[in-house]
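1. build me a model:
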Amino acid sequence: MSNNETAQRPPSVDALARALSAEVDLPHAVLVDCVRRAISIQPDDAAKVARQLCEQLHASLISEVINATGVLLHTNLGRAPITGTSGQRATSVEFDLQDGSRGSRHTAIASLLRMLTGAEDALVVNNNAAAVLLVLSALAENRGVAVSRGESVEIGGGFRVPDVMRRSGARLIDVGTTNKTRREDYEEACSTPDHDIAMLLKVHPSNFSVEGFVESASLRELASLPPVLAVDLGSGLLDSQAPWLPSEMRPFPTWVTDEPSVKQSIEDGADIVMFSGDKLLGGPQCGIIAGRSDLIEECAKHPLMRALRPGHHAIVPLQQVLLAYLDRTVTEDIPFWAMVGVRDDALAGRAQRIIAEAGIGEARVSSAVVGAGAAPGATLPSHAVVVSGDHVEQLRRAKPFPVITRVADGATWIDLRSVHETDDANIIDALLALKR
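-> Numbers count the residues shown, from 1 in each chain. So this is what the prediction gives:
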């Protein structure tokens with residue numbers, strides 16, 4: 001064989017894959033695929049290209065990170081962090097332990113939510129968008145749904161109220177104006193025969209707000225009108241009185257007391273409410289529907305329910321979260337409320353200790369936010385470790401856990417309100433690596 005033929009022979013796929021295994025922690029089959037693609041792209045430098053492809057794939061895998069952004073419910077970082085619940089045993093998700101028959105995945109959850117909110121019954125689906133879709137489909141298909149023009153909004157991920165309405169088969173009936181919608185506007189829609197109003201829908205506007213010359217009809221004002229009164233609460237605060245929080249946190253901040261809540265909405269006359277499980281509730285991603293038992297039954301037997309129901313991976317942690325509310329252990333067992341409950345002076349002390357051990361940065365007062373469209377505009381006092389310059393990329397590559405930060409005023413801010421204290425050591429290691 002000539003030297004020219006040898007030079008043109010493609011590199012050994014298996015040999016390159018085995019060489020990469022020492023650098024990248026991926027299955028051999030994945031490494032082989034990356035090598036083959038690299039050879040097809042650039043055979044003369046396949047090793048380098050394969051390494052880049054492997055690194056890109058590895059970085060795209062969902063993994064644990066340290067949220068040091070100061071956004072407690074960071075949508076891109078999974079919103080509410082939840083404690084580990086995985087195990088090797090099966091779960092009695094649809095098994096009745098009393099008589100050995102088939103059970104319902106909703107029975108226990110519904111009982112806990114009844115105790116916490118006063119709702120007659122409850123149902124769990126994949127997320128809050130699914131909850132809204134199911135409620136509209138089951139209770140208002142081919143009929144009108146009255147929504148204030150000021151609440152016909154688009155929130156994160158392209159969720160538009162008019163679009164979801166169309167997909168459900170219900171007809172959107174706009175009432176009022178963008179800044180002012182009164183009870184009389186809903187009443188007029190109800191009295192118009194062509195509208196055939198089945199439901200009045202109130203929508204949490206998330207990050208959208210209109211200020212100044214504004215007016216909106218309250219739930220109590222609308223409760224006396226004949227159609228079903230439904231409320232998309234979005235953020236999932238169970239009770240604006242927050243009875244689960246310790247006395248030392250009183251008085252509660254207004255982002256808690258002023259946020260629309262499930263319990264108060266039902267007390268004010270809502271027939272059915274929908275909300276997220278992974279926002280202010282502090283649980284896994286899911287959507288919860290709570291309210292009148294007859295309406296919940298209609299939703300439960302709708303054909304969409306089979307497609308929208310969650311698995312045990314959501315039901316089990318949701319159950320643990322609800323039990324923590326009833327057991328008044330929220331600030332110990334639910335990471336979101338633990339972040340909220342950390343004392344400001346404790347954060348300041350942690351910042352000083354991190355700086356002393358890492359030998360880099362300075363402590364500054366910071367402001368954290370709730371995030372995920374919940375309590376828009378609300379801030380929480382915080383403290384941060386601030387390092388001059390932009391180091392977000394280096395910190396994002398930190399081992400064993402990437403540290404996700406933000407840049408402001410020409411410096412990198414590591415906000416400790418959103419970091420559990422057990423990760424302080426990892427923060428220190430990541431900062432030490434900046435000095436090398």
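2. okay, CA-based contacts and neighbour counts for the rest of this
-> Fine.
3. any figure for the gap between the closest residue to residue 221 other than its chain neighbours and residue 223?
-> Among residues not flanking residue 221 along the chain, residue 183 sits closest, at 6.4 Å (CA to CA, 6 or more residues apart in numbering). Per CA to CA, to the nearest Å, residue 183 is found 10 Å from residue 223.
4. same check, this time on residue 52
-> According to CA to CA, residue 52 stands 60 Å off from residue 223.
5. ok, the two, which is more surrounded?
-> The neighbour comparison of residue 52 against residue 223 (other CA atoms under 10 Å) goes to residue 223, with 18 against 14.
6. and for the spatially closest residue to that one that is not a sequence neighbour, the neighbour number?
-> Leaving aside its sequence neighbours, residue 223 sits nearest to residue 269 (CA to CA, 6+ apart; 5.1 Å). Residues within reach of residue 269, counting by other CA under 10 Å, total 18.
7. who's in contact with residue 269?
-> For residue 269, the contacting residues are 219-220, 222-223, 229, by CA atoms under 8 Å, 6 or more residues apart in numbering.
8. all helices for the stretch 1-150 of the chain, in order.
-> Along the stretch 1-150 of the chain, the segments classed as helices by DSSP state H, counting those that start in this stretch run 3-8, 13-20, 28-41, 46-60, 107-117, 128-140.
9. how far off centre is the fifth one?
-> If I follow you right, that is helix 107-117. Helix 107-117 has its C-alpha centroid displaced from the chain centroid by 21 Å (CA atoms, centre = their mean, to the nearest Å).
10. and what of the longest one?
-> In terms of CA atoms, centre = their mean, the centre of helix 46-60 is set 30 Å apart from its chain centre.
11. coming back round to it: specify the local secondary structure of the residue nearest to residue 223.
-> Put simply, residue 269 is coil when judged by DSSP: H, G, I helix; E, B strand; the rest coil.
12. what's the separation between it and residue 220?
-> 6 Å.
13. same deal with residue 403?
-> Applying CA to CA, the value for residue 403 to residue 220 is 46 Å.
14. among those two, which residue is more densely surrounded?
-> residue 403 (26 against 15).
15. list the contacts of the more buried one.
-> Contacts for residue 403 were tallied using CA under 8 Å, 6+ apart; they are 65-68, 395-397, 427, 430.
16. pLDDT check: weakest of those residues?
-> Among the contacts of residue 403, residue 397 carries the weakest pLDDT, at 90.
17. now that residue: closest residue in space that isn't a chain neighbour?
-> In space, and not counting its chain neighbours, residue 397 is closest to residue 403: 7.5 Å by CA to CA, 6+ apart.
18. for the residue nearest to the spatial centre of the chain, list each beta-bridge partner.
-> Among the residues of the chain, the one closest to the centroid is residue 79, at 3.5 Å (CA atoms, centre = their mean). Note on residue 79: beta-bridge partners by DSSP bridges are residue 74.
19. that one is in contact with residue 372, isn't it?
-> Yes: in this structure, residue 79 is within contact of residue 372 by CA atoms under 8 Å, at 6.8 Å.
20. residues shared between the contacts of those two?
-> Listed as contacting both residue 79 and residue 372 by CA under 8 Å, 6+ apart are 73, 279.
21. for the residue nearest to residue 331 when sequence neighbours are not counted, what are its contacts?
-> Excluding the flanking residues, the one nearest residue 331 by CA to CA, 6+ apart is residue 338, at 4.3 Å. Applying CA under 8 Å, 6+ apart, we find residue 338 in contact with 330-332.
22. now those as TSV including neighbour count, secondary structure and distance to residue 192?
-> Formatted as TSV, the contacts of residue 338 follow (neighbours: other CA atoms under 10 Å; DSSP: H, G, I helix; E, B strand; the rest coil; distance: CA to CA, whole Å):
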residue	neighbour count	secondary structure	distance to residue 192
330	23	helix	47
331	19	helix	50
332	13	helix	52
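23. now those as JSON lines including distance to residue 22 and pLDDT?
-> Listed next are those as JSON lines, based on distance: CA to CA, whole Å; pLDDT from 0 to 100:
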{"residue": "330", "distance to residue 22": "43", "pLDDT": "93"}
{"residue": "331", "distance to residue 22": "42", "pLDDT": "91"}
{"residue": "332", "distance to residue 22": "40", "pLDDT": "92"}
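24. now that we have the contacts of residue 403, which one has the most neighbours?
-> Neighbour max across the contacts of residue 403 (other CA under 10 Å) = residue 427, 27 neighbours.
25. so, low pLDDT: which residues of the protein?
-> Within the chain, the stretches with pLDDT under 70 are 1-10, 84-87, 155-158, 206-210.
26. any buried residues in the longest strand belonging to it, and which?
-> Longest strand in the chain, counting residues (DSSP state E): strand 379-388. Residues of strand 379-388 classed as buried by neighbour count (16 or more other CA atoms under 10 Å): 379-380, 382-387.
27. so what does whichever helix or strand comes after that strand touch, helix or strand wise?
-> For strand 379-388, the following helix or strand on the C-terminal side (DSSP states H and E) is helix 392-396. Judged by 3 or more CA pairs under 8 Å, 6 or more residues apart in numbering; DSSP states H and E, the packing partners of helix 392-396 are strand 403-404, helix 424-435.
28. so which of those is the most packed in?
-> strand 403-404 (a mean of 24; mean count of other CA atoms under 10 Å).
29. now do the helix or strand just after that strand: everything it contacts.
-> Per DSSP H and E, the first helix or strand lying C-terminal to strand 403-404 is strand 406-408. For strand 406-408, contacts defined as CA under 8 Å, 6+ apart pick out 68-69, 390, 392, 412-414.
30. how about 6 Å then?
-> Contacts of strand 406-408 with the rest of the structure, by CA atoms under 6 Å, 6 or more residues apart in numbering, involve 69, 412-413.
31. show me where the stretch 151-300 of the chain has its strands.
-> Remark: strands assigned in the stretch 151-300 of the chain by DSSP state E, counting those that start in this stretch are 154-155, 159-160, 171-175, 180-181, 197-203, 215-216, 228-234, 272-276, 287-291.
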